[in-house]
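Asks: Attaching a predicted model along with its sequence, questions to come.
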Amino acid sequence: MLMHALLRRTVGRKKKWRYDQTLFENGLYCRHRISFGIRKNDARFMPEYFLNQEYQNRTYQREAVNYKEFEQCTFRHCDFSSCNFIDVTFIDCHFYHCNFNGAKINHVALRTVGFHDCEMKEVNFSMCDKLIFDIAFDDCILDFSKFYALKIKDTVFRNCSLIAVDFMGADITAAVFDHCDLYRSEFDKAIALKTNFKTSYHYTINPQKTRIQKAIFSLKEVKGLLFQHEIIVADI
């Protein structure tokens with residue numbers, strides 16, 4: 001095992017020692033960061049780092065991925081539904097056929113992450129780390145999930161079920177909803193400038209409460225912008 005350790009002292013109001021340790025063992029690259037001080041024995045200051053790994057057919061328990069950083073990793077057919085994520089970071093990662101139903105992801109950083117054919121019902125994205133929050137969804141089920149007040153500009157939702165999803169107060173500028181079911185999704189106080197809804201359906205959006213300048217809608221589904229007027233739009 002080759003070990004490289006760097007010890008440095010940080011100077012500030014509260015001085016503390018940091019110990020950065022890099023391990024190369026059995027081809028697996030891990031980096032441990034330990035902050036010494038008042039909480040020097042707290043495991044929360046020891047995130048493990050995993051680079052370019054692939055995980056398949058795993059069922060993760062409540063704290064299995066806590067305090068870990070994953071970069072350029074791939075997850076296939078994994079079950080995260082029991083997880084209560086704390087201090088977890090995913091960078092340039094992809095998830096295929098994974099189950100996140102009901103998972104607690106309040107303390108997760110999602111930085112250029114793609115979800116493909118995943119089930120993600122009742123997942124609250126609103127408390128995720130907002131630094132470089134960058135996600136994309138293909139063929140996912142996101143029913144009853146929450147994106148409340150998030151900035152998700154240019155985000156792509158493709159062939160997704162988005163039933164009763166909370167986009168209230170979210171900035172979805174230039175986002176693309178490609179062939180998505182938006183039945184009973186909530187967009188009040190959202191910013192939907194240049195957002196593309198052209199191929200999506202079942203949405204109800206109140207233009208008086210949602211900024212939709214230059215947003216794109218199909219003629220067939222434009223009735224979803226008129227529901228508050230209680231008028232009937234009939235096909236000829």
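Replies: Happy to help now that I have it.
Asks: wait, Phe80 sits on Glu63?
Replies: No. In this structure Phe80 lies outside contact range of Glu63 using Cβ atoms under 8 Å: 11.8 Å. (C-beta placed from N, C-alpha, C; glycine too.)
Asks: Pick out whichever of these two has more residues nearby.
Replies: Per other Cβ atoms under 10 Å, whichever of Phe80 and Glu63 has more neighbours is Phe80, with 25 against 13.
Asks: how near is the more buried one to Ser185?
Replies: The spacing between Phe80 and Ser185, counted by Cβ to Cβ, to the nearest Å, is 23 Å.
Asks: One more: Gln61?
Replies: The value you get for Gln61 to Ser185, if Cβ to Cβ is used, is 32 Å.
Asks: shaky segments in this structure?
Replies: For the chain, the stretches with pLDDT under 70 are 1-46, 226-236.
Asks: now the strands: where do they sit in it?
Replies: 2-10, 16-25, 28-35, 48-51, 54-56, 68-71, 74-76, 88-96, 108-116, 129-138, 156-158, 176-178 (DSSP state E).
Asks: Arg158 pairs with what?
Replies: Asp138, Asp178 (DSSP bridges).
Asks: That one is in contact with Asp178, isn't it?
Replies: Yes. Between Arg158 and Asp178 there is a contact under Cβ under 8 Å: 4.4 Å.
Asks: what's the closest non-adjacent residue to Arg184?
Replies: Spatial nearest neighbour of Arg184, chain neighbours left out: Ala164 (4.5 Å); criterion: Cβ to Cβ, 6 or more residues apart in numbering.
Asks: for that neighbour, what are its contacts?
Replies: Ala164 makes contact with Asp143, Phe144, Tyr183, Arg184, Ser185, Glu186 under the criterion Cβ atoms under 8 Å, 6 or more residues apart in numbering.
Asks: And Gln61, by the same measure?
Replies: Ser82, Cys83.
Asks: That one and Asn101, how far apart?
Replies: 15 Å.
Asks: number of nearby residues for the nearest residue to Phe125 once chain neighbours are set aside?
Replies: Of all residues not flanking Phe125 in the chain, Phe147 sits nearest, at 5.3 Å (Cβ to Cβ, 6+ apart). The number of residues packed near Phe147 is 27, by other Cβ under 10 Å.
Asks: distance of Phe147 from Lys130?
Replies: 12 Å.
Asks: same thing with Gly169?
Replies: 13 Å.
Asks: Compare these two and say which one has the larger neighbour count.
Replies: Counted by other Cβ under 10 Å, Gly169 and Lys130 do not tie: Gly169 has more neighbours, with 16 against 12.
Asks: and the more buried one, what does it touch?
Replies: Counted by Cβ under 8 Å, 6+ apart, Gly169 has contacts Tyr148, Ala149, Asp188, Lys189, Ala190.
Asks: Thought Ile212 was touching the third one, still the case?
Replies: Yep, that's Asp188 we're talking about. No. Contact criterion Cβ under 8 Å: Asp188 and Ile212 do not qualify, at 12.0 Å.
Asks: So the two - more neighbours on which side?
Replies: A side-by-side neighbour count of Asp188 and Ile212, using other Cβ under 10 Å, places Ile212 first with 20 against 13.
Asks: How about the more buried one: what's its closest non-neighbour residue?
Replies: What sits nearest to Ile212 in space, not counting adjacent residues and going by Cβ to Cβ, 6+ apart, is Ala192, at 4.8 Å.
Asks: same deal with Val88?
Replies: The shortest distance from Val88 to any non-neighbouring residue, by Cβ to Cβ, 6+ apart, is to Val108 (5.0 Å).
Asks: my guess is the one you found meets Phe90, correct?
Replies: Yes. If you go by Cβ under 8 Å, Val108 and Phe90 touch, sitting 7.1 Å apart.
Asks: Much appreciated, bye for now.
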